[in-house]
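Using only what follows, build the 3D model:
(chains A and B)
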Amino acid sequence: AQKITQTQPGMFVQEKEAVTLDCTYDTSDPSYGLFWYKQPSSGEMIFLIYQGSYDQQNATEGRYSLNFQKARKSANLVISASQLGDSAMYFCAMRGAGRRALTFGSGTRLQVQP
Amino acid sequence: EPEVTQTPSHQVTQMGQEVILRCVPISNHLYFYWYRQILGQKVEFLVSFYNNEISEKSEIFDDQFSVERPDGSNFTLKIRSTKLEDSAMYFCASSEGQGLSPLHFGNGTRLTVT
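Below is the predicted model of the structure:
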């Protein structure tokens, strides 16, 4: 079984500051992928960043980086230089290497304040 | 950039009616999925589809649901006799591979059952 836990239902950050959104996971799969998605108020699901469990380096994608700590089973999303347009719901998700289904966490609502 | 497209964006139907939600996955992707999100709740896996057959389904995906790939581009979700609790946002997604490949989601169809 796979489980994703996002313990922060809501977060506030000042514009231009960095913010970390927490994600911990549990899985019995030896190889797996971790994903972050952004869901603005308009409802679409936007893929942000991906980390493979065997990747040696933390993933980065523009202002997004993933702080992957395998021993702690955590995959936190770091957004640098927050912008007003970053205000959205953020979901952490994972799936095992041989699996189809993507398991989502409950999400964190981020609000960026001017 | 190629994207997953879903139609319609909104669908209102009466309880007991059949609905078909349509999706055009990204053209070189081989794996297709349906997810749903009841307002304010988690994103839930419904079904995955590969090589013209269902490869995995959740307990939500009961006999009232079916999926089809009627031609080389469309992927549909049919709900035979809608219930009030089927009201949700339905997302179609596709991926190049399984496991370590990210899913790319469409913008969703908001289904309202009255």
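
hey, let's count contacts and neighbours off CA atoms from now on
Will do.

isn't there a strand covering residue B:89?
Yes: remark: residue B:89 belongs to a strand, assigned using DSSP: H, G, I helix; E, B strand; the rest coil.

Regarding the residue nearest to it when sequence neighbours are not counted, what is its secondary structure?
For residue B:89, ignoring the flanking residues on the chain, the nearest one in space by CA to CA, 6 or more residues apart in numbering or on different chains is residue B:110 at 4.3 Å. Under three-state DSSP, residue B:110 falls in the strand class.

Residue B:110 and residue B:86 touch, don't they?
No: counting by CA atoms under 8 Å, no contact exists between residue B:110 and residue B:86, whose distance comes to 10.4 Å.

So between these two, which is more surrounded?
Ranked by neighbour count (other CA atoms under 10 Å in any protein chain shown), residue B:110 and residue B:86 place residue B:110 first, with 23 against 17.

what does chain A have sitting close to chain B?
A:32-33, A:35, A:43-47, A:50, A:52, A:95-107 (CA under 8 Å from any CA of the partner chain).

Quick one: residues contacting the nearest residue to residue A:82 once chain neighbours are set aside.
Once flanking residues are discounted, residue A:82 sits nearest to residue A:16: 4.6 Å by CA to CA, 6+ apart. Contacts for residue A:16 (CA atoms under 8 Å, 6 or more residues apart in numbering or on different chains) come out as A:80-83.

which residues sit in contact with the residue in chain A positioned nearest to chain B?
Among all residues of chain A, residue A:97 sits closest to chain B, at 3.7 Å; criterion: CA to the nearest CA. Taking CA under 8 Å, 6+ apart, we find residue A:97 in contact with A:29, A:31-33, B:98-100.

mind running it again at 10 Å?
A:29-33, A:52-53, B:97-101 (CA atoms under 10 Å, 6 or more residues apart in numbering or on different chains).

Enumerate the positions of whichever strand or helix holds residue A:95 that are buried.
Using DSSP states H and E, residue A:95 falls within strand A:88-96. Neighbour counts over strand A:88-96 (16 or more other CA atoms under 10 Å in any protein chain shown) mark A:88-96 as buried.

any idea of the mean pLDDT for stretch A:100-114?
The average pLDDT within stretch A:100-114 is 94.

Span of it from start to end?
Using CA to CA, to the nearest Å, the end-to-end distance of stretch A:100-114 comes out at 40 Å.

What score does the residue of chain A closest to chain B have for pLDDT?
77.

For it, which non-adjacent residue is spatially closest?
Leaving out its chain neighbours, residue A:97 is closest to residue B:99 (CA to CA, 6+ apart), at 3.7 Å.
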